[in-house]
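K.L.:
Here's a sequence, model it:
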Amino acid sequence: MTVGRLILVVGPSGAGKDSVIGYARQHMAQQNVVFGRRIVTRPADATETPDTMDLAQFEQDERAGLFLTSWRAHDLAYALPLSLAEDVAGGKQVVVNVSRRVIPELRKRFPCCVVVVDADEQLRRDRIASRGREAPAALEARLQRRIPTDFHADAIIRNEGSLAEAGEALMHLIGAPDHD
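P.N.:
Sure, this is the predicted structure:
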């Protein structure tokens, strides 16, 4: 039986984590890979399509233990659905975009591969600005936020070239076979 694991994709705002994950999702048809969707207390937009929920329902579900893990960042609440634990237990590779803060907790509970997606600061600034979600002060706050470094990264992907390059690198880490 194949051993499942969480592939935790982390990195600073604007690094292109969701784009890199989206590329891999689009190009992988394997049955043993699940691309988990986060639950976020913000409506979906063109850059990310999470499952959304209002804060009151989120907090109720959180208290009821309905999430695999949850965290707060950028005045929003985020979580992963509990069903992802079943996918890992069933031998699947589960790819998720998470906060670095939850890495220690998840490493204690599951086999994990931590992948950092990063990019040059100016490129990240341009990407965040193009989303149109933050005022200039909030954008700068995202860029200046202290990033926890007390975790071991299994791989680093620099997302500064083509999306295909970064996406293929993630697919390699997931264990994708050659594809079209």
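K.L.:
any idea which helix or strand comes after the worst-scoring helix or strand of the chain on mean pLDDT?
P.N.:
Every helix and strand of the chain was ranked by mean pLDDT, DSSP states H and E. The lowest is helix 136-144, at a mean of 72. Using DSSP states H and E, the helix or strand that follows helix 136-144 in sequence is strand 155-158.
K.L.:
Run me through the strand neighbours of that following strand, direction for each.
P.N.:
strand 112-118 (parallel) (DSSP bridges).
K.L.:
contact partners of the partner strand?
P.N.:
5-12, 15-17, 20, 103, 106-107, 151-159, 166, 170, 173 (C-beta atoms under 8 Å, 6 or more residues apart in numbering). All C-beta atoms are positioned from the backbone trio N, CA, C, and that covers glycine.
K.L.:
and the least confident helix or strand of the chain, what does it pack onto?
P.N.:
Applying 3 or more C-beta pairs under 8 Å, 6 or more residues apart in numbering; DSSP states H and E, we find helix 136-144 packed against helix 121-131.
K.L.:
what's the burial count for Gly161?
P.N.:
For Gly161, the neighbour count with other C-beta atoms under 10 Å is 9.
K.L.:
Quick check: the gap between the residue nearest the centre of the chain and Ala137.
P.N.:
The chain has Asn97 as the residue nearest its centroid, 0.7 Å off, counting by C-alpha atoms, centre = their mean. Counting by C-beta to C-beta, to the nearest Å, the gap from Asn97 to Ala137 is 25 Å.
K.L.:
Pull out the CA atoms of the least confident helix or strand of the chain and give them to me as CSV.
P.N.:
The C-alpha coordinates for helix 136-144 follow below in CSV (Å, rounded to 0.1, in the frame of the first residue of the first chain):
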residue,chain,number,x,y,z
PRO,A,136,-1.0,50.2,-0.3
ALA,A,137,-0.4,50.1,3.4
ALA,A,138,-1.8,46.6,3.8
LEU,A,139,0.3,45.4,0.8
GLU,A,140,3.4,46.7,2.5
ALA,A,141,2.4,45.1,5.7
ARG,A,142,2.1,41.7,3.9
LEU,A,143,5.6,42.2,2.4
GLN,A,144,7.2,43.2,5.7
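K.L.:
Contact partners for the residue nearest to the centre of the chain?
P.N.:
Per C-beta under 8 Å, 6+ apart, neighbours of Asn97: 9-10, 17-18, 21, 38.
K.L.:
Helices of this structure, residue ranges please.
P.N.:
Using DSSP state H, the helices of the chain run over 17-27, 55-63, 83-89, 103-109, 121-131, 136-144, 163-174.
K.L.:
Fine, thanks again, bye for now.
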